[in-house]
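Student: Need the 3D shape of this:
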Amino acid sequence: MPCQRYVRIMSEDLLRYDLMIENALRDVVRHTIEKIVGTGLPGEHHFYITFLTKFPGVEIPDYLHKQYPEEMTIVLQHQFFGLTMSETSFSATLSFNNVKERLTVPFAAITTFADPSVNFALQFHSSTGDQPENDSPSPNSPPSSDPETGEKRGEVISLDMFRKK
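Tutor: This is a model prediction of the structure:
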C-alpha cells in the first residue's frame with residue numbers, strides 16, 4: 001500500500017533538515033555576536049538572549065543558577081562589558097544588582113535570540129544538553145513523525161509573536 005511505503009520512507013529519513021536549519025540559524029547568532037565583539041552595537045540594536053542554564057558549558061554564578069534553574073534571559077544593550085566569543089560560545093560581563101558577573105553561554109544553549117530594534121527574532125528547539133552541533137541525529141533529537149500516530153516531526157518557527165502590529 002502507498003501509505004505503508006510512505007511511513008517506511010519517513011522513518012528512514014537520513015537528511016535531518018530540522019537540524020540543518022537550526023545550525024544555520026545558530027550561525028546567524030554567531031555572526032551577529034562576532035560583528036559586535038569588535039565594534040559594539042550599532043544604532044539602536046540590542047539583544048534579548050534566552051538560554052538553558054543547565055546546558056553543558058553554561059557558566060553563571062551559583063546565585064543566578066538558583067534564581068534561574070532552567071532558563072534565563074539576558075539583555076545586551078548598554079551595560080555589558082568584555083564581550084568575547086569562541087567557535088562554540090560567547091562570554092560577557094553583565095551587571096546584576098550592581099554586581100558585575102561574567103557569564104559564558106554556548107550557542108547551542110540559546111533558545112531565543114531577539115533584536116527588538118529591527119523586529120527580528122529566532123527561536124530554537126534546544127531542550128537538552130545533548131543537542132548536536134552537526135547534522136547527525138542523536139538519541140535526544142526530536143522524533144520522526146509517523147503519519148498513522150500523528151507524532152510531531154518538527155515545528156514551524158513563527159516570528160509573528162516578535163513583530164510589531
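Student: following the longest helix anywhere in the chain, which helix or strand shows up next?
Tutor: For the chain, the longest helix by residue count, based on DSSP state H, is helix 17-39. Per DSSP states H and E, the first helix or strand lying C-terminal to helix 17-39 is strand 47-52.
Student: quick one: strands adjacent to that following strand?
Tutor: strand 71-76 (antiparallel), strand 110-115 (antiparallel) (DSSP bridges).
Student: most neighbours per residue, which of those strands?
Tutor: Highest mean neighbour count among the strands paired with strand 47-52 (mean count of other Cβ atoms under 10 Å): strand 110-115, with a mean of 20. The way it works is simple: take the backbone N, C-alpha and C, and place the C-beta from them, glycine included.
Student: Show me the contact partners of that one.
Tutor: 26, 28-29, 32, 45-52, 71, 73, 120-124, 126, 162 (Cβ atoms under 8 Å, 6 or more residues apart in numbering).
Student: Any chance of a PyMOL selection covering the buried ones in those residues?
Tutor: Buried subset of those, written as a PyMOL selection, criterion 16 or more other Cβ atoms under 10 Å:
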select buried, resi 26+29+32+45+47+48+49+50+51+52+120+121+122+123+124+126+162
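Student: what about the protein, any weak spots by pLDDT?
Tutor: 1-13, 126-165 (pLDDT under 70).
Student: Check the separation of the first and last residues in stretch 53-66.
Tutor: 10 Å (Cα to Cα, to the nearest Å).
Student: buried set for it?
Tutor: Those would be 53, 55, 58, 60, 64, for stretch 53-66 by 16+ other Cβ under 10 Å.
Student: Could you find the closest non-adjacent residue to the second one?
Tutor: Yep, that's residue 55 we're talking about. residue 109 (3.6 Å; Cβ to Cβ, 6 or more residues apart in numbering).
Student: burial measure for the one you found, as a count.
Tutor: 25 (other Cβ atoms under 10 Å).
Student: hang on, it packs against residue 50?
Tutor: No: judged on Cβ atoms under 8 Å, residue 109 makes no contact with residue 50 at a distance of 9.5 Å.
Student: which residues do these two both contact?
Tutor: Between them, residue 109 and residue 50 share no contacting residue, judged by Cβ under 8 Å, 6+ apart.
Student: Tell me who's in contact with residue 43.
Tutor: Contacts of residue 43 (Cβ under 8 Å, 6+ apart): residue 117.
Student: what about it, distance to residue 118?
Tutor: Using Cβ to Cβ, to the nearest Å, residue 43 is found at 9 Å from residue 118.
Student: coming back round to it: show me what the longest helix of the chain is packed against.
Tutor: strand 80-85, strand 110-115, strand 120-123 (3 or more Cβ pairs under 8 Å, 6 or more residues apart in numbering; DSSP states H and E).
Student: Good, we can wrap up now.
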